[in-house]
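**Q** Okay, sequence plus prediction incoming.
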Amino acid sequence: MANGFSPLPAWLVEPRITPRVWLAIAGGLGCAVVAHAGLYPQFDSGRLRLVLALTSGPFGAAVMATALNAKTATRAFLRTVVLAAILGVASTVVPAILLSSSDGSELGVLAIVGVLFGAPTGLMYGLPLGVLAAAGHAHVPEPTHLGNDRASRLAGAWLATAGLFAMGGALAFDQPLAGILTAASAALAGLVVLVRGEAALRQKNAWLERVRSGREPALRVRPLERGDAVDGLVRLGAGSTVVEWCPAVPETTAYRQHRVRGTAIAVIAD
């Protein structure tokens, strides 16, 4: 807009976190808190919970980001499960080295144990990750403001569930307090993200309803036209309808009845 002015509300032009990032963060944190809570085959008596959390977190985020490149939600789920099983084995490498004796004589045995238990553990982690990937896949191909908020709401709900599961498991298996508190913190963070995403969705939908019903001065809805600079528009939704700004035309009956060329400022769903 000229002179840096925009008729859009400030909360609509702020930088947004993309759906892929929301889902990857939730997946990584969820894996990390479950591992830190001690929910894995413990050949280390829980001593390496932090190490496993620090490896499981990046692995979970990487699995999620990679799986979301799949063409369909079903493929995203399957890709997540397969990658999680593979990385489940990889996550045992550092613990095996740390648990081996100084001369490395136990490393081979621990490596075999890692393969036998790492893959099934990765598979178990991958199933809920796959649900997140499949559910969030629809928001990734064409990120929009509403899609971002839906992805953040989904990510928050999933992370809160993972945190509660980890906290419950840690309590049931009498794990250290640190793991319980970390899981509880993750559940709380997920709840905050969930509430924030829901609030943002309600705010945007209420604004769109005011625009559609003619209750926003100098704004109206029309089909996308060839001359509209689509790449520079705010994308609230995926569609071929735009919100148009006509600041110089008073809000009268004539304004409603006659076509007056305005400036497209946002793309919305049809």
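**A** Okay, I see it.

**Q** For Trp245, list each beta-bridge partner.
**A** Beta-bridge pairing of Trp245 under DSSP bridges involves Leu219, Thr263.

**Q** change the start of the numbering to 280 and stick with it
**A** Got it, the first residue is 280 from now on, which makes the last one we talked about Trp524.

**Q** what sits against it?
**A** Residues in contact with Trp524, defined by C-beta atoms under 8 Å, 6 or more residues apart in numbering, are 286, 497-498, 541-544. The way it works is simple: take the backbone N, C-alpha and C, and place the C-beta from them, glycine included.

**Q** Return the member of those residues nearest to Pro526.
**A** Ala497 (4.7 Å; C-beta to C-beta).

**Q** what's the closest non-adjacent residue to that closest one?
**A** Pro526 (4.7 Å; C-beta to C-beta, 6 or more residues apart in numbering).

**Q** how close does the one you found get to Val509?
**A** Distance, Pro526 to Val509, using C-beta to C-beta, to the nearest Å: 21 Å.

**Q** Surely Ile296 is in a helix?
**A** No. Applying DSSP: H, G, I helix; E, B strand; the rest coil, one finds Ile296 to be coil, outside a helix.

**Q** and the gap between it and Ile459?
**A** For Ile296, the distance to Ile459 - C-beta to C-beta - is 29 Å.

**Q** Of those two, which one has the most company?
**A** Neighbour count, other C-beta atoms under 10 Å: between Ile296 and Ile459, Ile459 has more, with 19 against 14.

**Q** need the contact list for the more buried one.
**A** Per C-beta under 8 Å, 6+ apart, neighbours of Ile459: 316, 446, 449-450.

**Q** how does it look with 6 Å?
**A** Going by C-beta atoms under 6 Å, 6 or more residues apart in numbering, Ile459 touches 446, 449.

**Q** looking only at pLDDT, what's the mean for the host helix or strand of it?
**A** Assigned by DSSP states H and E, Ile459 belongs to helix 456-491. Throughout helix 456-491, pLDDT has a mean value of 95.

**Q** distance between it and the chain's centre?
**A** Its chain's C-alpha centre and that of helix 456-491 lie 12 Å apart, by C-alpha atoms, centre = their mean, to the nearest Å.

**Q** Counting neighbours, show which residues of it come out buried.
**A** 458-459, 461-463, 465-466, 468-470, 472-473, 476-477, 479-480, 483, 486-487, 490 (16 or more other C-beta atoms under 10 Å).

**Q** quick one: Ala352 and Leu411, what's the gap?
**A** Distance from Ala352 to Leu411, by C-beta to C-beta: 11 Å.

**Q** which one of these two has more residues nearby?
**A** Leu411 (28 against 17).

**Q** neighbouring contacts of stretch 499-506?
**A** 491, 519-521, 523.

**Q** any idea where the helices of the chain begin and end?
**A** Remark: helices assigned in the chain by DSSP state H are 298-315, 328-346, 352-369, 372-378, 386-415, 424-451, 456-491, 532-536.

**Q** tell me the most buried of those helices?
**A** helix 298-315 (a mean of 26; mean count of other C-beta atoms under 10 Å).

**Q** So which elements touch that helix?
**A** helix 328-346, helix 386-415, helix 424-451, helix 456-491 (3 or more C-beta pairs under 6 Å, 6 or more residues apart in numbering; DSSP states H and E).

**Q** Leu408 versus the nearest residue to Asn427 once chain neighbours are set aside, what's the distance?
**A** Excluding the flanking residues, the one nearest Asn427 by C-beta to C-beta, 6+ apart is Arg295, at 4.8 Å. Taking C-beta to C-beta as the criterion, Arg295 is separated from Leu408 by 23 Å.

**Q** Thank you, goodbye.
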